[in-house]
Structures are given as C-alpha cells and as structure tokens.
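Q: Quick one, fold the following:
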Amino acid sequence: MNKRGAKAKVPGSPLNSHNTATFAKLGQSLTLLFKQKIITPQEYMKVYTIIYDYCASPCDCGSRATGYCTCSKDGKTSRPALLYKEINRQVLTYLAEVVKELSVMTGEELVTGYYELWHDFQFCAKAIHGMCLYLNENWLATKRLTDEAEHDTIYMVCLKNWKQQVHAPLEAQLTWAVLETIAADRNGSFVSTQTVDAVRKTVDGLVDLDSKLTYLVGDPPGPEMPDERVRTLSEVYKSTIHTPFLADSLRHYTAKIIKERISPNQALDRYILQVYVLLTAEELRCTKYLHESTRDPLMQLLVDLLIFNPKATLFPTTARDKAQLGGDPKTFVTAIWEAFDRNQKILEGVRQHQRFFSTTLDKVFWTTLNTNAVPKQAGTVVISPAELIARYCDALLKKGTTPVTGGALEASLSRVGKILRYLEDREAFQKHHRLLLSKRLLFGLSWGPEYEYSLLQKIKVWCSAGYDAKLQAMLQDVVASREVSELFAADYAREHALGYDFSVQALRDGAWPLTKPSPLNIPIELERPLIAFREYYQTKYSRKITWNFPYSRCEISTNCFSSNYILQGSAYHAAILMCYETGDDFTVDAILTILGCEQGPLTAPLLRLLRLGILLAVNATGQSVPDQLIISNTTAIKLNLAFKSSKQRINLNAPLRR
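A: Below you'll find the predicted structure:
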C-alpha cells in the first residue's frame, strides 16, 4: 500500500483497466457476431485492430517489451495469454446458450436445429480466427517453440469447445433422431425432402467437425483443411451415426428374417432376388442419408446376415450333411464342387453387388469345406478334408482305377486347384499328397509323369514355397532312375547272368518322404546285383548309396508247396522266406540274428506271412500259436509245407485286417 492506502497497480494483472476496457469492447463485438451471424468489413477490421493494438502495445510495467513481457515470466498473465483465455470464455458462454436451445428439441426439429447452429458457429469461428491473426501467427507460434504443452489456434479452440460442450451432451438425442428418421423410411413412411436434407447436412457436419479436429502435421492451422479428409471415416461420425446405424440395421433385418420367413430353402433364384432388392434399397437409403464410408460396411453386414447367417445360410454344415458326404474322396470332392459351382451361379446374378457377395460366398464355401471332416468307418478316427482331397488326386492318377483321360481329367484336376484355394490346412494336404505321390512313383502305379506335372501346375500356387520343387525333383528322379537302370542292366548283362529281372530307383536324399532306412542282411542271392550296382553307380557318378529296403519290391517263385506260387512282397518278406532255404523252423531270435535287423521293421512282414498261413508259429510242444497273440523271441516259426491258396499270385504287401 502507498501512503494514501490505495492498492498498487500490478503490471499485467487481470484487474488492469486497459485489459478491462479491451475485453469489454471485444465482448460486445463477439456477442453481436454470435447474435447476427454476420459481420461487416468495418466491424471486422475494428476488432482486428483492437486485438493487434492490445497484443503489440508496450507492457503496463513501463518496459518497451510488447506482448510477452519479462514481468510475467510464466507467461500466464501476459496480454496475449489473457486475451486467449477471454476469447475462450466468450465462446463457452455462447455455447452454453446453444446447448440450452437444442436440449428442448427432438426429432426432425433437433436435426435441423443442430445443423443450422453448427453451420452458423463455423462461420463465427472462422471470423474470430481471422480477427485473431496476430495472436495465432505470433504469440501462439512462439509458445509452440518454447512450451512443451500444446496450444491450439483460435479456430481449433472453437471446434473443440463445440465438440465437448454441445455435441457430447446431445449425442444420444441426435443419434436417436437420425435413426428414427431412417427407420421411418425403411418402414415405408413418408419422409419430407426437408427432413432428408437436414439429416444429410447434419451428417456432413459431423464428418466435417472431426476432419478439422484431426488435422495432420503440416496442414494449415486454421479452417482451410484438405477436402480429401472428408472422405475418411471420422470418429465423431462413427460414434454418433455409423456404429449405431449398423447395429440398428442388424436388429431390423434379423427381426425381418424371422417375421417374414426369408429363407434360402425356397428356390435359389427367388431368394437371391429378394436379397438383391434389399441391398439395392439399402444402398440408395445410405446414399441419401449417410456418409459414403457407411455404404460398404452396411452392404457387407447385410450379405453376411442373409447369406452366411447359420439360420439362413445357403450351405448348412450340419452333422446330417457331413454324414451324407461319407468318407469316399470322390463323393466328398463332388459335393464340395457342387457348392462352389452354386456360388458362381449366384455371383452371375448379382453383378451390381458382386464384390459383397463374393466375399461372403467365399466365407460360406471356406466353412463348408473346412468343417466337413468325416468319420472313418463309423469309428473315432476322422478323415480331414485335406486328406480326402489328396486321396481324390491319388484316385485320379493311380493305376488300377478307371482311367480318366483327356478333357475330363484336366477338368477334374482344375477343380482340385480351385478348391485348394479355400483349404485351411494346406500343410496337411501337402503331406498326404506327397506321400501318395511317392507311392505311385516308387511302385509304378502312376498313369504317367505328364499327368502328375499337370496337377502340380494347378496346385503349386496355393502350396508353400519350395513344394513344387520337391515334387519336380521326385518326378525327375523317376525318369533318371529308369535310364540308369537300363544302362546298368545292359552293361552288367554282358558279363553276368542274374537269372531274374533287377531295377533300381536312385532317389535324392531329402526329396522323398521316406522313413529312415533300417539295417538288413540281404541273402547272397539278392546281394550280388546290389554290390554290382553300388560299384557301378559310385564309379560313374561318385555318389554314396544307402539302400531303403522297406520300399523295395520282390517276386519270389516257390517250389516247396503242392502248387507253385509267385509271392509279391518287400525285401523283408524275401529275406524271411529265404531263411528257410537252410531249414524248416527258426525262432524269432534266430531270424533276427540271421537278418541282422531289429524286431520293429520285421514284425509286420512276419505277421503277414503268419496270417496267410505260409509260416506257422508253434510253442515248445509243437502246437500252433494264434497270430493274434504277442509272439515272443523264443517262439518257433516254421514253414507250412501244407500251404494252399486259390490265387497263383499272392500280394504280401496288402494291409493287415483283423
């Protein structure tokens, strides 16, 4: 206090008379602007000059500093900062009146009133932003460089205040009003042109509000925003209109399906026509009322509901349908292809909305294909779709089945390629297909490499990287092995006479899905050509050879039975039988010792010979042991000289059946 008891004037204080006079003039001008929604050039320049003079004049402390004086080091009581707060206060005061006015409105009145007041407020915000040009381009620019806190331009302050003070409290009412108008249109009620126009303008206003609030770095800091931003889905529009509208549409058409019994169980053409009409009407309605970003999600939602909905799906995948497919590969693939073909016919009839139908029908077909694992012989073992498709390919290309040639075969292979696009477990398909292909090639059961190559070309695009290279390596090995075998046979026959046919498959390690070779002492009668071929191959190609006996094939002519039989089996079958060239019975241990192998690989061939009755298992008293029992290493195995069969050629590789 001074001697007279009066308060000393603090420079830059809000109580400063200069501040009060300036703010009073500014308040009058802004109130007039908000009321009239128009401003004359003279009034505009008057306010601009007031703001400029206030920010640019020397500080009241007596220093020559303008605007951002050192007397207020925190910057919160500087003239520009006080002016910034005052303008924000004036805007909030006006928006409180706007909320009060809109809160008593409903329906069409609210939609119309909201847009009109938003449109007028945009004009006012732009005018205030222009009048505060000095504040925006000087003081705010300095604050952005010196302060960590963000400082918005006057225009951005106005928009944020509208979003927080007006839009947030009225969002639920506005959503209900817009959805009520669209529901009336859906139900066939009359909606005036003025109402449609009001809804559309309100929607555009919501998109415009968010597009200006989410400007990117480098965009103008004022109202001049890129037009491209309006075409994106804004968060304000999404939360207020887009998401509630899609949810309401889902509820509406779900109830419509139940009420009007819209079902694909009727004729397909009629049902698709119904769906097409609904989609066309909704697309027109969306264009009329809403932003373009809502159209595609709405179309996809309706197609999913009407086509993919489990209660209205065109292709139900119930247990009954799975049972009808059965475990036969041909039946399965034929049924799946019929579903695919049906999809294509649907797409041909809905060209305008084809992209939405295409996505949903792909989803339907994917589900139909991948959820149709079928039981195997009514047991608990399940055959996957991947295995069934691989078996179908095997049936097409395997000898012993009715040959499919020419255009019919190409069409069938093309079907496989198209179906494989939708198969989820392609790794399983590759595993089964590669295994079946190896068996066809190794045992000479394929119709020909050209057909195998044709299938490979159709499926390789959907298989993992390198899969086609592995299959090509297998096919190349078969061709190369045939040439090597012919050359070896010609060279070896000049000096040696085997007395039987002999051929070799020279396969690259890693290219074939073969099990690890197990040791086996080959009888001398079979070993001579193997030794000769090993020497020939290593001399000519300098490569190491490892024999894989489980995949070998032998034919043995018998002379010890009442009739002469030809036994077709593997090297293990031949090795076991040739043990009996030197005796009539051996224990299991003795056979293992002679052959020099483990019991695991020998069990299946031995049981097969026992099941056929070629060999007999006897105990210490000479009584036969049932082959269902586990044979111990001390069990004696004897040659059944009384063996008889109605077949002259007996396949020892046929699977065991109990």
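
Q: C-alpha from now on. contacts and neighbour counts both.
A: OK.

Q: Tell me how many other residues surround S78.
A: S78 has 24 neighbours, counted by other CA atoms under 10 Å.

Q: Going forward, the N-terminal residue is numbered 41.
A: That works, and once the first residue is 41, the last one we named lands at S118.

Q: and it, how far is that from W179?
A: Noted for S118: a distance of 10 Å to W179, by CA to CA, to the nearest Å.

Q: do the same with Q384
A: 65 Å.

Q: Of the two, which one has the most company?
A: W179 (18 against 12).

Q: ok, for the more buried one, nearest residue in space, not its chain neighbours?
A: P120 (6.8 Å; CA to CA, 6 or more residues apart in numbering).

Q: The one you found sits in which helix or strand?
A: Element membership of P120 [criterion: DSSP states H and E] is helix 119-142.

Q: distance of the residue nearest to W179 from E322?
A: Noted for P120: a distance of 53 Å to E322, by CA to CA.

Q: And those two? Which one has more around it.
A: P120 (25 against 18).

Q: correct me, but that one touches C95?
A: Yes: the criterion here is CA atoms under 8 Å, and P120 meets it with C95 at 5.7 Å.

Q: What ranges does the stretch 491-640 of the chain have for its helices?
A: 507-533, 564-581, 611-618, 628-635, 639-652 (DSSP state H, counting those that start in this stretch).

Q: Among these, show me which one is buried the most.
A: Stretch with highest mean neighbour count among those: helix 611-618 (a mean of 21; mean count of other CA atoms under 10 Å).

Q: Does anything pack onto it? Which helices or strands?
A: Applying 3 or more CA pairs under 8 Å, 6 or more residues apart in numbering; DSSP states H and E, one finds that helix 611-618 makes contact with strand 594-597, helix 628-635, helix 639-652.

Q: change it to 10 Å
A: Packed against helix 611-618 by the contact rule (3 or more CA pairs under 10 Å, 6 or more residues apart in numbering; DSSP states H and E) you find helix 564-581, strand 594-597, strand 606-609, helix 628-635, helix 639-652.

Q: Show me what the third one packs onto, helices and strands only.
A: Yep, that's strand 606-609 we're talking about. Counting contacts by 3+ CA pairs under 10 Å, 6+ apart, strand 606-609 is packed against strand 594-597, helix 611-618, strand 689-691.

Q: Give the partner strands of that strand in its sheet and their orientations.
A: Strand 606-609 has the following sheet partners, assigned by DSSP bridges: strand 594-597 (antiparallel), strand 689-691 (parallel).

Q: Quick one: these as CSV, columns for mean pLDDT too.
A: Conversion of these to CSV gives the following (pLDDT from 0 to 100):
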stretch, mean pLDDT
strand 594-597, 86
strand 689-691, 88
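
Q: Low-confidence stretches in the stretch 191-340 of the chain?
A: 251-273, 298-309 (pLDDT under 70).

Q: Ok, which of the helices and strands packed on helix 611-618 comes nearest N673?
A: helix 628-635 (4.8 Å; CA to CA).

Q: tilt between the closest one and helix 639-652?
A: Counting by axes from the mean of the first three to the mean of the last three CA atoms, to 10 degrees, helix 628-635 lies at 120 degrees to helix 639-652.

Q: Report the backbone C-alpha coordinates of helix 628-635 in CSV.
A: Written as CSV, here are the backbone C-alpha positions of helix 628-635 (Å, rounded to 0.1, in the frame of the first residue of the first chain):
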residue,chain,number,x,y,z
VAL,A,628,12.2,-115.3,-33.9
ASP,A,629,15.6,-114.6,-32.3
ALA,A,630,17.3,-116.7,-34.8
ILE,A,631,15.6,-114.9,-37.7
LEU,A,632,16.6,-111.5,-36.3
THR,A,633,20.2,-112.7,-35.9
ILE,A,634,20.4,-114.1,-39.5
LEU,A,635,18.9,-110.9,-40.9
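
Q: Show me what that helix packs onto, helices and strands only.
A: helix 611-618, strand 625-627, helix 639-652, strand 676-679.

Q: List the neighbouring strands of the shortest one plus their orientation.
A: Spelled out, it's strand 625-627. strand 676-679 (antiparallel).

Q: ok, residues contacting the partner strand?
A: Residues outside strand 676-679 that contact it (CA atoms under 10 Å, 6 or more residues apart in numbering): 600-601, 617, 619-620, 623-631, 646, 649-650, 653-660, 662, 664-665, 671.

Q: What's the ChimeraX line that selects buried ones from those residues?
A: Selection of the buried residues among the contacts of strand 676-679 in ChimeraX, burial being defined by 16 or more other CA atoms under 10 Å:
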select :617,619,625,626,627,628,629,630,631,646,649,650,653,654,655,656,657,658,665,671
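
Q: residue boundaries of the helices in the stretch 41-190 of the chain?
A: Ranges of helices in the stretch 41-190 of the chain, per DSSP H, counting those that start in this stretch, are 57-76, 81-96, 119-142, 147-171, 173-174, 180-186.

Q: Can you check what angle separates the longest one from helix 57-76?
A: Okay, so that is helix 147-171. 140 degrees.

Q: Hey, what's the angle from helix 147-171 to helix 119-142? Just curious.
A: Using the same axes, to 10 degrees, the inter-axis angle of helix 147-171 relative to helix 119-142 is 170 degrees.

Q: mean confidence for helix 147-171?
A: Average pLDDT, helix 147-171: 89.

Q: Packing partners of it?
A: helix 57-76, helix 81-96, helix 119-142, helix 194-202, helix 208-226, helix 233-253.

Q: now the fifth one
A: If you count contacts as 3+ CA pairs under 10 Å, 6+ apart, helix 173-174 packs onto helix 81-96.

Q: pLDDT at the closest residue to I562 other than its chain neighbours, what is it?
A: Spatially, and ignoring its direct neighbours in sequence, I562 is nearest to A615 (6.3 Å; CA to CA, 6+ apart). pLDDT recorded at A615 is 88.

Q: quick one: A615 and L607, what's the gap?
A: Using CA to CA, we find A615 at a distance of 12 Å from L607.

Q: Surely L656 is in contact with V628?
A: No: L656 is beyond contact range of V628, at 11.7 Å (criterion: CA atoms under 10 Å).

Q: picking up where we left off before, in contact with the residue nearest to I562, which residues?
A: Applying CA under 10 Å, 6+ apart, one finds that A615 lies in contact with L560, N561, I562, P563, I564, L566, C594, I631, I634, L635.

Q: which one of the residues you listed is nearest I376?
A: C594 (40.6 Å).

Q: ok, that closest one touching Q608?
A: Yes: using CA under 10 Å, C594 makes contact with Q608 at a distance of 5.8 Å.

Q: hey, what's in contact with both of the two?
A: Any residue near both C594 and Q608 by CA under 10 Å, 6+ apart counts here, and that gives A614, L692.
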